[in-house]
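Chemist: need coordinates for the below:
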Amino acid sequence: MIRLLASLILLLAAIAPAAAQIEPGRPIRMIVGYGPGGSLDLVARVMAELVRDRLGAPVVVENRAGAGGVIGSDLVAKAAPDGHTLVMGGGGSHGVTPAVKRSLPFNPDRDFTAIARVADFPNVMVVSAELPVRSLQDFVAWARAWPGGINFGSTGVGTSIHLTGELFKLRTGLDMTHVPYRGAGGSSADLRGGQIQVIFDNLPSVIGQVQDGALRALAITSAARSARLPEVPTMAEAGMADFVVVSWVGPFGPAGMKPEIVAQLSRAFTAAAVSPEGQEKLRGLGAVPAAEESATFDRSWRADMARWRQVVAEARVPIED
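Modeler: The predicted structure is shown next:
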């Protein structure tokens, strides 16, 4: 009887379905909803190289730009949930866009599976070096003396840079006018020229001008100081507690993925991001390596999305159709 039971157990083990996993050798499409050369694209290409061997499958980066990342995200939302089609999402595409667009071809709350958060790009509050302020508190006091005369710039209406400025307005009660630009270059030029007085921009976009003295960094919006600008305090250190805004980056898959595949992908991406090579390459892009596994990333992403929806409502930011 014992031998018979043992034989049955072995037989059942042999015919039991194997745990779901990424198919070895089958390519993984990594969609980027923006053009080549942007922060999401650069992170995607670094991670594609680093996770290839960990997953035993090539990772092919594919740019599908348009509509603030919506086109690329939609491709993945409607893809087979087998782990072989992912989108490199970010705080803009998966945090801000759902808050500022009324009509989307997918449901941002239900149609994605968070895989892993792999990097953060901190924002930095910068002013012209000619402005008579040297700290966040100086700026707030100075701005209060000029109600209606303060302009803040951004890279466009409904972008994360814009909403960070709106959040700052809500937290300080300052009367500031939003001036949108098509890119960071125009806003930086007008900041130096005095047409606008402040901008919250991604650190890599302005660090050169801060280091050469054209712009002055008053505070960084990440939870910890940046190794690239160690003398610049965080917003909390500068006197504004609980003001943490980063442009996070991480892959998403479609809804309905098997837990085993999600776990496999999550392990590969988080391990790659904090590996010595991963840290070196991500820091070289101006990013801070992160390693949030799927469940934690899902919570932080949803909290970020909810935060921007609240900011949009309170600041009465125009909603796009």
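Chemist: find the nearest non-adjacent residue to residue 154, please.
Modeler: Leaving aside its sequence neighbours, residue 154 sits nearest to residue 162 (CB to CB, 6 or more residues apart in numbering; 3.8 Å). In this view, the C-beta of every residue, glycine as well, is placed from N, C-alpha and C.
Chemist: pull the residues that contact the helix or strand hosting that neighbour.
Modeler: Per DSSP states H and E, residue 162 falls inside helix 160-172. Residues outside helix 160-172 that contact it (CB atoms under 8 Å, 6 or more residues apart in numbering): 91-92, 95-96, 99-100, 123, 125, 140, 143, 152-156, 174, 176, 178, 180, 198-202, 221, 240, 243, 245, 247, 308, 311-312, 314-315, 317.
Chemist: for the residue nearest to residue 154, give its distance to residue 102.
Modeler: Relative to residue 102, residue 162 is positioned 17 Å away (CB to CB, to the nearest Å).
Chemist: show me which of those two is the more surrounded one.
Modeler: Higher neighbour count among residue 162 and residue 102: residue 162, with 25 against 7, using other CB atoms under 10 Å.
Chemist: flag the shaky bits of the stretch 51-200 of the chain, pLDDT-wise.
Modeler: Low-confidence segments of the stretch 51-200 of the chain (pLDDT under 70): 183-185.
Chemist: strands of that one, residue ranges please.
Modeler: Assigned by DSSP state E, counting those that start in this stretch, the stretch 51-200 of the chain shows strands spanning 59-63, 85-90, 112-114, 117-128, 150-154, 176-180, 198-202.
Chemist: could I get these as TSV with mean neighbour count and distance to residue 295?
Modeler: Output for the strands of the stretch 51-200 of the chain, formatted as TSV (neighbours: other CB atoms under 10 Å; distance: least, CB to CB, whole Å):
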stretch	mean neighbour count	distance to residue 295
strand 59-63	17	23
strand 85-90	28	16
strand 112-114	24	8
strand 117-128	26	11
strand 150-154	22	33
strand 176-180	17	36
strand 198-202	25	27
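Chemist: reformat the ones you listed as CSV; add distance to residue 190.
Modeler: Output for the strands of the stretch 51-200 of the chain, formatted as CSV (distance: least, CB to CB, whole Å):
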stretch, distance to residue 190
strand 59-63, 29
strand 85-90, 25
strand 112-114, 36
strand 117-128, 9
strand 150-154, 6
strand 176-180, 8
strand 198-202, 9
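Chemist: wait, residue 100 sits on residue 108?
Modeler: No: Residue 100 lies out of contact with residue 108 (CB atoms under 8 Å); the separation is 11.4 Å.
Chemist: the residue nearest to residue 123 when sequence neighbours are not counted: neighbour count?
Modeler: In space, residue 123 comes closest to residue 221 once its chain neighbours are excluded; the distance is 4.3 Å by CB to CB, 6+ apart. Residue 221: 24 surrounding residues under other CB under 10 Å.
Chemist: surely residue 221 touches residue 245?
Modeler: Yes: here residue 221 reaches residue 245: they are 4.3 Å apart, a contact under CB under 8 Å.
Chemist: what do those two both touch?
Modeler: 123, 164, 200.
Chemist: of these, closest to residue 60?
Modeler: Closest approach to residue 60 among the shared contacts of residue 221 and residue 245 (CB to CB): residue 123, at 30.6 Å.
Chemist: ok, the closest one to residue 251 distance?
Modeler: According to CB to CB, residue 123 stands 22 Å off from residue 251.
Chemist: could you do residue 157 as well?
Modeler: Residue 157 is 27 Å from residue 251, by CB to CB.
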